[in-house]
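Engineer: okay, sequence plus prediction incoming.
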Amino acid sequence: MSEDTRVPPGNVLRYSFPERLVHWLAGFSYVYLMLTGLAFWSPWLFWLAFALGGGTISRELHSWVGLIFVVAVLLMFRMWHRQMHETAVDKEWWDAIPHYIRNEDEYVPTVGRFNGGQKLLFWGFLWCGLFLLLSGLILWFPNWVPWNLRYLRYIAVIVHPSLALITIGLFIIHVYMGLAMERGALISMTRGYVTIAFAKRYHGLWYNRVADDPSAKNETP
Amino acid sequence: MTNGWIDIKNTDMMLIMGGNPAENHPCGFKWAIEAKRNRNAKMIVVDPRFTRTAATADQFLQIRAGADIAFLGGMIHYAIENNRIARDYLVNYTNASFIIKEGFKLPEDGLYSGFDPATKTYDQSTWNYEGSGGGSGNSSGTKLGTQVTSPVPLPANVTHDPTLQNPRCVFQLLRQQYSRYTPEVVERITGIPRDQFLKAADLFTSIRKDGDMKKAATIIYAVGWTQHTFGTQIIRAAAIIQLLMGNVGRAGGGVNALRGHSNIQGATDMGGIFDNLPGYLKVPKPVDADLAAYLKRITTTSSKPTEWQSFNYWSNTPKFVVSFLKSLYGDTATKENDFAFDYLPKVDRNYSWTQIWDSMYRGTVKGMFAFGMNGVMIGPNTHKNIDALKKADWLVVGEIYPDETSEFWKAPGTTTDEMKNIKTTVYRLPCAGFAEKDGSMTNSARWLQWKNAAVPPPGDARLDQDILAQIFLAVRDLYKKEGGKFPDPVLNLTWAYTDPLHPSLSDVAREINGKTLVDLTDDTLKQTIKAGQQLPGFAWLKDDGTTSCGNWIYSGSWTEAGSQMARRGTEDPSGMGVYPNWGWSWPANRRVLYNRASCDVDGKPWDPTRRQVWWSEAAQKWVGNDVPDFKLDSHPKDHMGPFIMNPEGVGRIFGPLAAFADGPFPEHYEPIESPIENPLHPMQSNNPVVKKFTTAADKYGTPADGFTIVCTTYRLTEQYHYWTKNNPMNVQLIPEPFIEIPVELANDLGIEGSEVIKVTSARGTYIAKAFVTKRIKPMTIDGKKVYQIGLPIHQGFRGIKEDEERNARTPANFLTPTVVDPNAFTPESKGFLVKVEKA
Amino acid sequence: MSSAGFEIRAISGHAGPVPGAGLKREFEVCKLIDTTTCIGCKACEVACLEWNGYSFSETKFDNSYQTMPETSWNYWNLIKFNEHEDPDHGLMLLMRKDQCMHCEEPGCLAACPADNAIVQYVNGIVDFQQEHCIGCGYCISGCPFNIPKFSPDARKVFKCTLCVDRVSEGLEPACIKACPTGCLHFGTKPEMKELAETRAEQLREHSGFANAGVYDPAGISGTHVIYVLHDASNPENYGGLPSNPRIPWTVQLWKHPLKWIGNLAIVGGLLGLVVHYLRFGPKTLEEDKQKKPGAGQ
């Protein structure tokens, strides 16, 4: 995996090419879903649908892109789920979250490949994604739901936007973290590598493991 | 109809039986709804199935198909025993008080007096009034085919008993006749529980509670009554009830036949029956050696109590006949040659519908013109009719669609080899549809309404009259060239249409109305009409050859003022729905027949709020909102009877002499195929004068053969006869044939709704999906559990779905028996036996 | 289907003013269906098809006289047939013409996200504007009567327009015109309400239907199609007419509290992040000491 990416000196490979590809597949599809979803969410944002090619196209593509997004989420699940189990250090990390928020990172324990917040993001998108898919399918084909099963539709009507709101929350924090807070995070997801300092600081346990054995598979948290 | 569609809105009580107007006459049914909404009228529906009519009824009774006379007889019994009768009406306007001859016997054993088992006919001479003197022609109604003509006339002076106490008076005989029709007997025969029957009888007769005469009840029926081997007698029973309760001639009353086609009334009026000429003139028979003999036979003379008067309108018969002959043969018809009476065919036997097909089956009829009907589909025992056509030399079908008749050789079950052996030459002539033709249509209410063509016929399709004209002219040319045995009737037939090849229907309508051939003056009206002018009405007709008229009852429909049928006046001064200026109603634009009977003996309306006609002392004549159906200047004290078409002048509770082939009163007989023996007289279960057909194709089933389920046929509101299966819209509404069966029967046989099932009679098999419904319940008939099923008639082997072989392709009439009513010769399609199986 | 030239009082998925929103309502139209005089002849079904230009579609016999199980995108008017055993009246064949009820508070309009796809005119007619419909089908979920139907070909939703194109020309809807028994009436809401109540009273007093009444459900503030029922206490018997129709509570929840909670959460969250950034700035790796980063960074 790591052979795919040339890692400059002083850096360490964090995300392989397939990981980055899947991430951005999920990312771009999610952005589209969020924008079109927001267009349907509020009349004040319905202009988004026009901006994206019109209401009918937005409605049609929202469904299909939703499938793409779910596929991406499932691929992420396949790639990362073993690394996403919560560990003891994650608990310490969560205990130290006020320090993390206040950028008092010295009080924040160093963690494995993913910190608690990233794991929350992962599981949040996974479960929300699955239930968005289910409710989305009902909303996609409302005419296929017989009248005596109409409660499925009613559930979908409330479940879909509620979960979407949760993912929007996760998404905003994720983007904020990646773009604004953790410098280097964006590079890690575009070029694949992070500085050793970055690796040591935020994911020391993981860095120690890969530093010892660069070929070690990212199979554990 | 004695009354009319709109008049139903004036009623207080409806008995709808043998008909399903909500489904088959939805537009007319609006007036029944109006009566319910505006007058709180009650509606009783009696039917083998809970129909869409029943859905709007106040009471529904499920009757076994074919048990109608038992029900109505029970109703007569109830009305008499509970004194729910119109006594003054009964005494003065009916023959209730007339004394019947000694020797007349009621059918307690199933037979009236005079039955001859060898010929299965009655000597009807005892079915007569007591009295003195006698005229001719009074054996009115003599039916051809029953081979009985009574030489005995009605007495000119009838003995009567206005107290109705004489045990031989009609009223006492009626009472005795129906004393057997107790609620218990009604229940045994009809399957209607006693309490339900009593509730309905009480409700219906409640309009005559305490002798009140203000309210009126109507009886509405259709082919559910006529299609029995005692169909005419069912209608008789209804007429008796209405006379007994004083409902005939009254707004909101009457006996009202709902006709199944837009113009079936017109077909009847114009002599579309083998034993009638236009205007209900009887056809000449071989015994009628000359015009005088014919007129003597068919012209009635009055027969009434001495102190009463009878208008006896049929005494004008010679005027109608001679004017008719003049319209047919014009100048050729002269006094010297009996107005060409010899040209008229003398009908020697029964040529009714089933007889024609029977004759074709037997090989004596070699060809057929089938216009305006799908012969294979409409008649009973379709297999027999298809086999008959296979034996014919040629068949000409004029239709708007390729129909089952023109493709009889493709009927299901016909193999390719069999098809090769069919030698019948079929000519198919594309005809114009109703919207492509102008002309008049006569509705159930006897209204003639003129219509215009909406669009021209498509493609090669032609108007019926054009086809007939061209055939006639070609035949006439052949006679001209080649002569023949008797060319005169053809060569001398008038054909004075503007365009002989394309006779316009307005020309024909003017001819039917008639014209005067000389200047005529009417002294009472002080009116003169010039030679060649249209007649104002049938009162102007003459028997000396100076008038010409194609159909006396239609005289007045196209006068010098133009087509009265095209009138569209919406004025209704009385508010009773008379609409005197809309279209034209025969006779004489009269909307309610016998309307003199809407008044008491003194000429005052029974109900002052529904004034139809009345005697004006000031004008010394009858006046009113409707055209009085009466001699205008006949003072009430003269006691002229209101039923002016009867020689008695009064309504016939007792049908004397040969009026009916099977008895002066209706008697309950079982259908030819019945699950039980007649509880009234098991030894005489069926109508004694009914004769079964005898070809190999005429098979009749019995319960012993496993045919235990009563089956009836019907129509749906979504489809029209056999046409609309060609129309996508109708096919969408009812896409497939089905068979309605009770839930309990379905459970017994393990049949699910929409599962394909098979109904088999002695004659054939019908396949369709099961419609498992709560709307037909199992019945207890004479102690036996009896199931009843029903199937719509519309689908066959030609149509949108049939052509794609996506529907079962069996016509309903594969099942029905060829056996007919002895008076009207209508086949018994309502009530025959079948078995039901999974397909 | 049409912009009828009527003033509009409510628009789906719309931000900004609605022209007829505060307008005094001169009259509201109403269709009255008297189920007690319906004979199930289906003339209304055919009239609806013909007026709206829809043609033959395939149907299948399903143990009923009913043309199809429910209305469809190109079949807006359907009589529902129900064989009902009534304890007091025995067997009844209840026939109810099903179509859009033109609710005063239309669930379809509430649920619709597409600007202008559903409008409600001041006269009460609820009309779909297919040119603005995005085919999302939320209206299907919003409707308590199972009326809007999705066309898989057009990818849009259709329903009865109350013949707004006829009504705007002063004509009655096509179904009314075709009804042979007069069980259908059309007029203003007060007129129809009075006619209906009079008929219900007649049924109670003269026909023994003690529970006869008018169906004009309050849960959606009434409808512009009202029924006279033999038994107004059991509308479900008439082919599933809901006894207390409401806009589904999840749609209400979604369109009201959830919407505001969500909007607040999104806007609040974004603001919070801005404040966070301004207060704490980005995380730094180089100066990885006890010192906190300055506010200005």
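Structural biologist: Cool, got the structure.
Engineer: OK, contacts around residue 121?
Structural biologist: Looking at chain A here, since you left the chain open. Applying Cβ atoms under 8 Å, 6 or more residues apart in numbering or on different chains to A:L121 gives the contacts A:L170, A:I173, A:H174. For every residue, glycine as well, the C-beta is placed using N, CA and C.
Engineer: wait, chain C was what I had in mind.
Structural biologist: Counted by Cβ under 8 Å, 6+ apart, C:Y121 has contacts C:A4, C:F6, C:E7, C:I8, C:R9, C:G20, C:D127, C:V164.
Engineer: just for the chain, where's the confidence low?
Structural biologist: Just going to use chain A. Along chain A, segments meeting pLDDT under 70 span A:1-5, A:214-221.
Engineer: that's the wrong chain, I meant chain C
Structural biologist: For chain C, the stretches flagged by pLDDT under 70 are C:1-4, C:286-297.
Engineer: tell me the domain boundaries of it?
Structural biologist: C:8-245, C:248-297 (automatic domain parsing).
Engineer: among those, which is the most enclosed?
Structural biologist: Per residue and on average, the most neighbours among those fall to domain C:8-245, with a mean of 20 (mean count of other Cβ atoms under 10 Å in any protein chain shown).
Engineer: so which of the contacts of C:Y121 belong to strands?
Structural biologist: Here DSSP state E is the test, and the contacts of C:Y121 give C:I8, C:R9, C:D127 as lying in strands.
Engineer: adding distance to B:W225, write the residues you listed out as CSV.
Structural biologist: Listed next are the ones in strands among the contacts of C:Y121 as CSV, based on distance: Cβ to Cβ, whole Å:
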residue, distance to B:W225
C:I8, 57
C:R9, 56
C:D127, 49
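Engineer: can you give me phi and psi for C:K149?
Structural biologist: C:K149 has phi and psi values of phi -130, psi 140 when expressed as degrees, to the nearest 10.
Engineer: I'd say it and C:K156 touch.
Structural biologist: No - using Cβ atoms under 8 Å, C:K149 makes no contact with C:K156, being 10.1 Å away.
Engineer: wait, which of the ones in strands among the contacts of C:Y121 is closest to B:L291?
Structural biologist: Here the nearest of those to B:L291, counting by Cβ to Cβ, is C:D127; it sits at 73.8 Å.
Engineer: how close does the closest one sit to C:L32?
Structural biologist: 20 Å (Cβ to Cβ, to the nearest Å).
Engineer: what parts of the stretch 151-297 of chain C come near chain A?
Structural biologist: Residues of the stretch 151-297 of chain C found near chain A (Cβ under 8 Å from any Cβ of the partner chain) are C:152, C:155, C:240, C:248-251, C:253-254, C:258-259, C:261-263, C:265-266, C:269-270, C:273, C:276-277, C:280-286, C:288-290, C:292-293.
Engineer: about what we covered before: whichever of the contacts of A:L121 end up buried, select them in PyMOL.
Structural biologist: A single PyMOL command selects the buried members of those (16 or more other Cβ atoms under 10 Å in any protein chain shown):
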select buried, chain A and resi 170+173+174
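Engineer: nearest to chain C, of the contacts of A:L121?
Structural biologist: Ranked by distance to chain C (Cβ to the nearest Cβ), those are led by A:I173 at 7.6 Å.
Engineer: can you give me the buried ones in the strand or helix carrying the closest one?
Structural biologist: Assigned by DSSP states H and E, A:I173 belongs to helix A:150-175. Under the neighbour-count criterion of 16+ other Cβ under 10 Å, helix A:150-175 has A:150, A:152-168, A:170-174 buried.
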